[in-house]
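*Asks:* Sharing a model prediction with you, sequence too.
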Amino acid sequence: MTELTEQTDLVVTAVGPVRLVELNRPEQRNAMSEELHTRLASVWDELAADPGAGAIVLTGRGRAFSAGGNLDLMTRVQRDESFREQQVDEARRIIVGMLRCPLPVVAAVNGPAVGLGCSLALLSDLVLIADDAYLADPHVQVGLVAGDGGAYLLPLLVGATRAKELLFLGDRVSAGDAVRLGLANRAVPKDKLSAEAMELAGRLAAQPAQALRETKRAVNRHLERALETVMEPALLAERDTMRSPDHAAAVERIIAARGSR
């Protein structure tokens, strides 16, 4: 096992031909920081260029996969136009980077995967979810369009009617329901999740590389077709709602509620 990056907000470790990518903000439930968001936008191209890499496992350190948005970043995005554009551009690069990364990505969803965290899981090629974890996309509840993944991915995975229910209401999807709906491949006992994900990634890395990568590319052409028609307008719509009164009020309510605890 060789750590390829320093102990920053995103840590990449080589385990034979598998690259273990860990969101590393456990005290913040792996919510986005500026650094983490930026690294997620670039890491997929770096891994694609790694000649020793055959597969990727994406997971979070601590109790959560990723809680998604960060209140400090949300507040800054409302006020800082250049930072808002940076965040949208990075969101675009995260989606496209994961979609076009030739290596198969296994998500090991070890805890809550919320907002962008949910998108990271669903953008992965195979999803293993701990039996006590859940997925949720509450963008609408905080006054945002689900542009950084949900509006693009969910209709393709579960159909338009179910996608609207999940996005409009932002309800939690349990591990069992995630498997039933086709959002995850299987639910795994939490204490076995890491080992099972690494084993699965090892099996993928042992497959004939060209055949596996070209098959991923062929299947992902269904997602590629929706990049310009769905993802790009959704991202721009999310950018516009980042400065909306509804979003500002929602963030203020969350900050006030946390301050009263």
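*Replies:* Great, that's in hand.
*Asks:* contacts, neighbours, all on C-alpha from now
*Replies:* Noted.
*Asks:* Excluding chain neighbours, give the residue nearest to G170 in space.
*Replies:* Spatial nearest neighbour of G170, excluding adjacent residues (CA to CA, 6 or more residues apart in numbering): P138 at 4.2 Å.
*Asks:* got it, and E214?
*Replies:* Going by CA to CA, 6+ apart, E214 has P102 as its nearest residue, at 7.8 Å.
*Asks:* Pretty sure the residue nearest to G170 sits against L169.
*Replies:* Yes: contact criterion CA atoms under 8 Å: P138 and L169 qualify, at 7.2 Å.
*Asks:* Neighbour count for those two, which is higher?
*Replies:* The neighbour comparison of P138 against L169 (other CA atoms under 10 Å) goes to P138, with 24 against 14.
*Asks:* in what helix or strand does the more buried one lie?
*Replies:* Using DSSP states H and E, P138 falls within no helix or strand.
*Asks:* Now do the end-to-end distance for stretch 64-72.
*Replies:* Start to finish, the residues bounding stretch 64-72 are 19 Å apart (CA to CA, to the nearest Å).
*Asks:* burial count for L20?
*Replies:* Neighbour tally, L20, other CA under 10 Å: 24.
*Asks:* Am I right that it falls within a strand?
*Replies:* Yes: assessed with DSSP: H, G, I helix; E, B strand; the rest coil, L20 lies in a strand.
*Asks:* Tell me the backbone dihedrals of the residue nearest to E214, please.
*Replies:* phi -70, psi -20 (degrees, to the nearest 10).
*Asks:* can you pull the contacts of it?
*Replies:* Neighbouring residues of P102 by CA atoms under 8 Å, 6 or more residues apart in numbering: 48, 213-214, 216-217.
*Asks:* just these now: which is nearest A133?
*Replies:* Closest approach to A133 among those (CA to CA): K216, at 26.5 Å.
*Asks:* Correct me if wrong: that closest one contacts P104.
*Replies:* Yes: with contact defined as CA under 8 Å, K216 counts as touching P104 (7.4 Å).
*Asks:* contacting residues for E34?
*Replies:* Residues near E34 by CA under 8 Å, 6+ apart: L73.
*Asks:* how close does it get to R217?
*Replies:* 30 Å.
*Asks:* what do you get for E35?
*Replies:* Going from E35 to R217 by CA to CA gives 29 Å.
*Asks:* So for these two, which sits in the more crowded spot?
*Replies:* R217 (18 against 12).
*Asks:* buried stuff in whichever helix in the chain runs longest?
*Replies:* Ranked by number of residues, the top helix in the chain under DSSP state H is helix 81-100. Neighbour-count burial for helix 81-100 flags 84, 87-88, 90-100 (criterion: 16 or more other CA atoms under 10 Å).
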